[in-house]
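here you go, sequence then predicted model.
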Amino acid sequence: MNTSIEELIVHPVFHYFYEISKIPRSSGNEREISNYLVQFATKRNLEVIQDEALNVIIKKPASPGYEHVPAVIIQGHMDMVCEKNKATLHDFSKDHIKWQRKDDFLYATETTLGADNGIAVAYALALLDDDSLAHPALEIVITTEEETSMKGALEVAPQHFSGEIFINLDSEEEGTLLVSSAGGVTAVQTLPVNKQAIPPSSVQITLTVKGLFGGHSGMSIQKGRGNANKIMGRLLYDLDRVTSYSIATISGGLKSNAIPREAAATLVIPAVFEEQLPSFIANWNETLRNEYRSSDAGVTVHCEVEEHTFTTTYDEITTKRIITSLMLTPNGVQSMSQEIEGLVESSTNLGVVAVDEEGVSFISEIRSSVKSLKKRTVAEVEQIAELTSSHFHLEADYPEWPYRKDSVVRTLFRDTYTNLYTTPPKIEAIHAGLECGIFTEKLPHVDAISLGPTMHDVHTPNEHVSISSTLSTWNYFIEALKTMKNYY
């Protein structure tokens, strides 16, 4: 830990962010961080609830003079997306996140930082730990598995809350108040496979697509960044037009809600075609450099001849069906909002291709702020599954967060920001999924808002958060809590 980090963690927010960065908290592995939050509350004699989904709810009474203000529900999630560069030695199940400070930005070391949504947890802990701050009664809820399924929020029992004001701290741009978000669902196509013996006079090769920028499939889908799985589909389709081959194994992406940066496929090709591979790969690299010269200038296709690792490969029908699934599964922006200029209305991201004992799975994250359009894309993916004789099912279906025309909390946060900075904040809807939709469906009486500091490249190893923005957003947040007694 260098001096600049030591100086940084003197502030309560960065102190607690540093503390939770020591604790493994990948989605589905939150018990340790959940227990930490319970222990934090218990040591301070605060009311705490830990439910079966490991969500943690911590309650703190109102400051003197704020007893008449409705309770405030403050929400974030404890899990993080665990991505690292391929050559990086880091075990997210046990290793601490290693920080680096570069001027005003805080990074991890070749991994995701976890500022999404560790900063929200740090804000909550700093707020709970400081009895000098003025605020209404607080109901802090930190959920689990937001990054994969929103399971935690879906399982939260609404009877735990009395609050009428809901503040989500999972936004990523200072000075922007979010007031609506998309709903989503994960669609899974699983293709059963048939295998055959490796043919004679064959060569095993591995094709790898890498060097893509990636990003959050809700926040970055409109940027036209390359999807490694879709590029792999085109590559395999093109190769199928010039030589026969079969697929031995295939993989791409790690999370359905992250645009995949890498994909790989091991193929068995006729030995006579090996000498043509360099020109085939060179042509593809030229094509990709041209297509992605602005969004993903570093994209490349690599080809390596392998030892004869595999003794069997997928048969011709299975290989054709894999190519069909990759080529036809919809991906990217599906529709734009007609009411809000520049807002993606519907999208889908083919985020993961993975092999297990059940076959080859193609996992897509489908989003829309219009329920019927979400259903339309689901139907399209289901038709692809039917075409390829794949099994189809849905996971983690969560609702959209509709815009509320009359909102006191929106007015309060707008006025507070304007008073602090002499300019009004932006009021926006986003295409990413927020847990606000789940909570406003469970608690239809609440008035909700979402805010947060400026972050960049979340869900990638280049994730970084602005230090100054984290601190100024903290000051804005506690000032808004202080001001609430003038609005209610």
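Here it is on my side, so go on. Residues are numbered from 1 along each chain as shown.

list the contacts for residue 386?
With C-beta atoms under 8 Å, 6 or more residues apart in numbering as the criterion, the residues that contact residue 386 are residue 392. The C-beta positions use only the backbone N, C-alpha and C, and glycine is treated the same way.

try residue 470
Residues in contact with residue 470 (C-beta under 8 Å, 6+ apart) are 13-14, 119, 453.

if you set the cut-off to 7 Å instead, what comes out?
The neighbourhood of residue 470, defined by C-beta atoms under 7 Å, 6 or more residues apart in numbering, consists of 13, 119, 453.

the closest residue to residue 57 other than its chain neighbours: neighbouring residues, count only.
Distance criterion C-beta to C-beta, 6 or more residues apart in numbering; nearest residue to residue 57, sequence neighbours excluded, is residue 49 at 4.3 Å. For residue 49, the tally of surrounding residues (other C-beta atoms under 10 Å) stands at 16.

now the helix or strand hosting residue 49: buried residues?
Take DSSP states H and E as the rule and residue 49 turns out to sit in strand 47-50. Using 16 or more other C-beta atoms under 10 Å as the burial criterion, the residues of strand 47-50 that qualify are 48-50.

now residue 240: how far from residue 182?
If you measure residue 240 against residue 182 using C-beta to C-beta, to the nearest Å, the figure is 36 Å.

no no, residue 74
When distances are taken as C-beta to C-beta, residue 74 and residue 182 turn out to be 22 Å apart.

ok, those two, which is more surrounded?
The neighbour count for residue 74 versus residue 182, taken as other C-beta under 10 Å, is higher for residue 182 (28 against 24).

next, the more buried one: phi, psi?
Comment: the main-chain dihedrals of residue 182 come out as phi -80, psi 160, following degrees, to the nearest 10.

report the contact partners of it.
Listed by C-beta under 7 Å, 6+ apart, the contact partners of residue 182 are 218, 367-369, 400, 431-433.

which stretches in the stretch 251-400 of the chain count as strands?
For the stretch 251-400 of the chain, applying DSSP state E, counting those that start in this stretch gives strands covering 258-259, 263-270, 300-305, 312-314, 332-336, 344-356, 359-368, 391-398.

got the buried residues for the third one?
Neighbour counts over strand 300-305 (16+ other C-beta under 10 Å) mark 301, 303 as buried.

which outside residues touch it?
In this structure, residues lying in contact with strand 300-305 by C-beta under 7 Å, 6+ apart are 203, 205-211, 235, 277, 281, 284-285, 288.

same question for stretch 291-300: list its buried residues.
Per 16+ other C-beta under 10 Å, stretch 291-300 contains these buried residues: 292, 296, 299.

and the helices in the stretch 301-450 of the chain?
316-328, 371-387, 408-421, 436-442 (DSSP state H, counting those that start in this stretch).

how about the stretch 151-300 of the chain?
151-155, 228-240, 277-291.

how far off centre is the shortest one?
Averaging C-alpha positions (C-alpha atoms, centre = their mean, to the nearest Å) puts helix 151-155 16 Å from its chain's average.

for stretch 13-21, what is the average pLDDT?
Averaged over stretch 13-21, pLDDT sits at 98.

hmm, I was thinking of stretch 330-337
So the average pLDDT for stretch 330-337 ends up being 96.

stretch 305-318 now?
Per-residue pLDDT values over stretch 305-318 give a mean of 92.

now do stretch 219-229
Model confidence over stretch 219-229, given as mean pLDDT, is 94.

what comes up buried for it?
By neighbour count on 16+ other C-beta under 10 Å, the buried set for stretch 219-229 is 219-221, 225-229.

likewise stretch 18-36?
18-21, 23-27, 29-30, 33-34, 36.

among those, which two are most distant?
Put simply, by C-beta to C-beta the two of the buried residues of stretch 18-36 set farthest apart are 18 and 27, 21.1 Å from each other.

what about residue 233, distance to residue 260?
Applying C-beta to C-beta, one obtains 12 Å for the distance of residue 233 from residue 260.

over to residue 343?
The spacing between residue 343 and residue 260, counted by C-beta to C-beta, is 24 Å.

with residue 411 instead?
For residue 411, the distance to residue 260 (C-beta to C-beta) stands at 41 Å.

can you check residue 219 too?
Computed as C-beta to C-beta, the residue 219 to residue 260 distance reads 15 Å.

which stretches of this protein have low pLDDT?
Judged by pLDDT under 70, the chain has its weakly predicted residues at 1-3.

repeat that with 50
Within the chain, the set of residues satisfying pLDDT under 50 comprises 1.

can you pull out the helices in the stretch 1-150 of the chain?
With DSSP H, counting those that start in this stretch as the criterion, the stretch 1-150 of the chain has helices spanning 3-8, 12-20, 31-43, 115-128.

among those, which comes closest to residue 92?
Judged by C-beta to C-beta, the one of the helices of the stretch 1-150 of the chain that comes nearest to residue 92 is helix 31-43, at 12.2 Å.

I'd like to know which elements the closest one is packed against.
Applying 3 or more C-beta pairs under 7 Å, 6 or more residues apart in numbering; DSSP states H and E, we find helix 31-43 packed against strand 47-50, strand 56-60.

tell me how many other residues crowd the nearest residue to residue 215 once chain neighbours are set aside.
In space, residue 215 comes closest to residue 259 once its chain neighbours are excluded; the distance is 5.1 Å by C-beta to C-beta, 6+ apart. By other C-beta under 10 Å, 31 other residues sit near residue 259.

now residue 116
Other residues lying near residue 116 total 26 when counted by other C-beta under 10 Å.

pretty sure it is touching residue 458, no?
Yes: in this structure, residue 116 is within contact of residue 458 by C-beta atoms under 7 Å, at 4.3 Å.

which residues do these two both contact?
With the criterion set as C-beta under 7 Å, 6+ apart, the overlap between the contacts of residue 116 and residue 458 is residue 172.

now do the strands in the stretch 51-200 of the chain.
Taking DSSP E, counting those that start in this stretch as the criterion, the stretch 51-200 of the chain carries its strands at 56-60, 72-77, 99-102, 105-108, 138-143, 165-168, 176-191, 195-197.

now render those strands as JSON lines, adding distance to residue 389.
Output for those, formatted as JSON lines (distance: least, C-beta to C-beta, whole Å):
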{"stretch": "strand 56-60", "distance to residue 389": "44"}
{"stretch": "strand 72-77", "distance to residue 389": "37"}
{"stretch": "strand 99-102", "distance to residue 389": "48"}
{"stretch": "strand 105-108", "distance to residue 389": "42"}
{"stretch": "strand 138-143", "distance to residue 389": "37"}
{"stretch": "strand 165-168", "distance to residue 389": "42"}
{"stretch": "strand 176-191", "distance to residue 389": "7"}
{"stretch": "strand 195-197", "distance to residue 389": "16"}
